[in-house]
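Visitor: Need a 3D model of the following:
(one chain, ligands or ions: 2)
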Amino acid sequence: MRTALLRSVETALRRGSSSSHFLLRPFSSGSLPDRKVAILGAAGGIGQPLSLLLKLNPLVSSLSLYDIAGTPGVAADVSHINTRAEVAGYAGEDQLGKALEGSDVVIIPAGVPRKPGMTRDDLFNINAGIVKSLATAIAKYCPNALVNMISNPVNSTVPIAAEVFKKAGTYDEKKLFGVTTLDVLRAKTFYAAKAKVPVEEVNVPVVGGHAGITILPLFSQATPASNSLSHEDIKALTKRTQDGGTEVVEAKAGKGSATLSMAYAGAIFAEACLKGLNGVPDIIECSFVQSNITELPFFASKVRLGKNGVEEVLGLGPLSDFEKQGLESLKSELKSSIEKGIKFANEN
Ligand SMILES: NC(=O)c1ccc[n+]([C@@H]2O[C@H](COP(=O)([O-])OP(=O)(O)OC[C@H]3O[C@@H](n4cnc5c(N)ncnc54)[C@H](O)[C@@H]3O)[C@@H](O)[C@H]2O)c1
Ligand SMILES: O=C(O)C[C@H](O)C(=O)O
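Guide: Residues are numbered from 1 along each chain as shown. Ligands and ions are numbered 1, 2, ... in the order given. You can find the predicted model right below:
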């Protein structure tokens with residue numbers, strides 16, 4: 001028999017709040033809807049910890065782990081954890097259809113990561129083709145799924161997927177997301193340390209794209225507000241957020257890029273998508289989506305998530321002069337990365 005406590009936990013889970021945390025909380029999956037999540041690239045540096053985090057999430061009833069190799073081991077391993085999600089591992093292209101069929105959310109961390117000295121755009125030649133073939137399969141096997149794109153360069157891989165979906169006749173701009181959550185986590189972490197405020201209370205929107213100067217944290221809108229930060233502090237925080245990925249790439253010295261923090265960020269964003277699908281109100285996250293809040297066709301900003309994916313692309317809000325300058329400076333790089341993705345999808 002379910003106790004009042006369990007019932008209230010269930011209600012809280014369904015209603016949720018974007019800040020409630022899925023780790024270590026008691027749950028009963030009794031009346032939660034079934035949700036299948038597929039991870040493409042599940043045997044990789046991000047894919048493995050992301051598989052673990054989603055196995056811990058009671059909103060997931062079926063966890064489908066796909067990679068070109070290595071997934072049976074990852075699947076067997078996480079499947080022993082005594083949580084709701086049933087886990088299946090699929091390896092090799094001939095199993096991709098089965099891995100995708102019936103998915104509500106597909107997360108894509110498939111592709112190569114950076115080494116020191118490389119930009120994210122240097123990954124384009126390899127990752128563009130990988131993303132194109134995975135998007136083609138999504139259009140065929142689960143055209144209604146919400147797609148969470150992690151593979152870099154996100155500023156180009158999201159437009160590639162959009163073009164593939166358009167050609168297949170399945171494109172729904174509400175369902176395609178570039179995952180920029182790690183930029184938000186970094187902005188929150190760095191701001192909290194500098195402003196000396198409790199990190200768990202901090203919110204900072206990050207807009208633009210996901211590479212270098214296209215990453216634009218809006219510290220003028222950070223909460224709790226701080227009046228102890230100078231303009232030089234804000235400039236330094238902005239630069240550190242923009243270079244956060246490179247900081248990790250250099251520290252890993254040739255052994256890849258952010259994997260653990262990215263898995264956490266990917267799990268947060270996937271959970272937000274699932275809550276939206278489940279009808280939880282007021283789920284707001286930053287994401288790189290089709291947008292008309294600037295003249296660019298894709299742009300990261302706060303979005304409200306709902307039963308069909310993006311319910312509303314939220315505006316930028318008031319910007320400081322420094323942020324207005326940052327916004328103008330990022331546009332040409334972001335525009336050419338988007339155009340590069342569109343061109344690739346249409347010519348290959
Ligand atoms: N969006 C972000 O904020 C963010 C953050 C960190 C990393 N990334 C990007 O995520 C990607 C993955 O990073 P990683 O560290 O996990 O790399 P990794 O090399 O450790 O893992 C990538 C995995 O993708 C798999 N893969 C390759 N081709 C595939 C295909 N066709 N189908 C399915 N799987 C395929 C590989 O077998 C491997 O297991 C990189 O492009 C990286 O730049 C993005
Ligand atoms: O920096 C990278 O190459 C990986 C990722 O985009 C990140 O921001 O950590």
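Visitor: I'd say Ser226 and Val197 touch.
Guide: Yes. Using Cβ atoms under 8 Å, Ser226 makes contact with Val197 at a distance of 6.5 Å. Backbone N, C-alpha and C define where each C-beta goes, glycine included.
Visitor: Report the set of residues contacting both of those two.
Guide: Applying Cβ atoms under 8 Å, 6 or more residues apart in numbering, one finds that Ser226 and Val197 are jointly contacted by Tyr191.
Visitor: Up against ligand 1, what does the stretch 151-300 of the chain have?
Guide: Contact residues (Cβ under 6 Å from any ligand atom) of the stretch 151-300 of the chain with ligand 1: Ser151, Asn152, Val154, Val179, Leu182, His210, Gly256, Ser257, Ala258, Thr259, Met262.
Visitor: Name the secondary structure element that contains the nearest residue to Ala75 once chain neighbours are set aside.
Guide: By the measure of Cβ to Cβ, 6 or more residues apart in numbering, the closest residue to Ala75 outside its immediate chain neighbours is Gly89, 2.7 Å from it. When elements are assigned from DSSP states H and E, Gly89 belongs to strand 86-91.
Visitor: contacts for that strand?
Guide: 42, 51, 55, 61-76, 78-79, 96, 98-99.
Visitor: Can you pull the poorly scored residue ranges out of the stretch 101-250 of the chain?
Guide: Applying pLDDT under 70 to the stretch 101-250 of the chain flags no residue at all.
Visitor: Pull up the residues of it that are close to ligand 2.
Guide: So far as Cβ under 6 Å from any ligand atom goes, the stretch 101-250 of the chain lies against ligand 2 at Pro113, Arg114, Arg120, Asn152, Leu182, Gly244, Gly245, Thr246, Val248, Val249.
Visitor: Nearest to the spatial middle of the chain, which residue is it?
Guide: Residue closest to the mean C-alpha point of the chain, counted by Cα atoms, centre = their mean, is Val179 at 2.6 Å.
Visitor: before we move on, which element is the one residue in the stretch 101-250 of the chain that gets nearest to ligand 2 in?
Guide: As assessed by Cβ to the nearest ligand atom, ligand 2 sits closest to Gly245 within the stretch 101-250 of the chain, at 2.1 Å. Using DSSP H and E, Gly245 maps to helix 244-252.
Visitor: can you give me the offset of the helix or strand following that helix from its chain's centre?
Guide: Per DSSP H and E, the first helix or strand lying C-terminal to helix 244-252 is helix 260-277. Taking Cα atoms, centre = their mean, to the nearest Å, one finds the center of helix 260-277 at 6 Å from the center of the full chain.
Visitor: for stretch 248-260, same thing?
Guide: With Cα atoms, centre = their mean, you get 18 Å for stretch 248-260.
Visitor: Flag every buried residue along it.
Guide: The neighbour-count check on stretch 248-260 (16 or more other Cβ atoms under 10 Å) flags Val248, Val249, Lys252, Gly256, Ser257, Ala258, Thr259 as buried.
Visitor: neighbours around the nearest residue to the fourth one once chain neighbours are set aside, how many?
Guide: The spatially closest residue to Gly256, leaving aside those adjacent along the chain, is Pro113, at 4.4 Å (Cβ to Cβ, 6+ apart). Neighbours of Pro113 under the rule other Cβ atoms under 10 Å: 24.
Visitor: need the contact list for Pro113.
Guide: Gly45, Leu123, Asn152, Val249, Gly256, Ser257, Thr259.
Visitor: Let me know the pLDDT of the first one.
Guide: The one in question is Gly45. On the pLDDT scale, Gly45 is placed at 98.
Visitor: One more: Ala12?
Guide: Confidence score, pLDDT, at Ala12: 46.
Visitor: Checking Gly102 next. Helix, strand or coil?
Guide: Assigned by DSSP: H, G, I helix; E, B strand; the rest coil, the conformation of Gly102 is coil.
Visitor: re earlier: roughly how far apart are the residue nearest to Gly256 and Lys166?
Guide: 28 Å (Cβ to Cβ, to the nearest Å).
Visitor: Which residue does this protein have closest to ligand 1?
Guide: For the chain, Cβ to the nearest ligand atom, closest residue to ligand 1: Gly44, 2.1 Å.
Visitor: shouldn't that residue be in contact with Ile108?
Guide: No. Assessed by Cβ under 8 Å, Gly44 is found out of contact with Ile108, at 10.8 Å.
Visitor: beta partners of Leu216?
Guide: Val207 (DSSP bridges).
Visitor: My guess is it contacts Glu328. True?
Guide: No. Counting by Cβ under 8 Å, Leu216 stays clear of Glu328, with 10.4 Å between them.
Visitor: Neighbour count for the two, which is higher?
Guide: For Leu216 versus Glu328, neighbours defined as other Cβ under 10 Å are more numerous around Leu216 (28 against 9).
Visitor: so what's that one up against?
Guide: Val206, Val207, Gly208, Thr238, Glu323, Gly326, Leu327, Leu330.
Visitor: With Gly70 instead?
Guide: Contact analysis of Gly70 by Cβ under 8 Å, 6+ apart lists Ala43, Ala91.
Visitor: Could you see whether ligand 2 lies near the longest helix seen in the chain?
Guide: When the chain is parsed with DSSP state H, its longest helix is helix 321-347. No. Applying Cβ under 6 Å from any ligand atom, one finds helix 321-347 out of contact with ligand 2, separated by at least 12.9 Å.
Visitor: now that helix: how far from the chain's centre is it?
Guide: With Cα atoms, centre = their mean, you get 19 Å for helix 321-347.
Visitor: That one: which residues count as buried?
Guide: 323, 326-327, 330-331, 333-335, 337-338, 340-342, 344-345.
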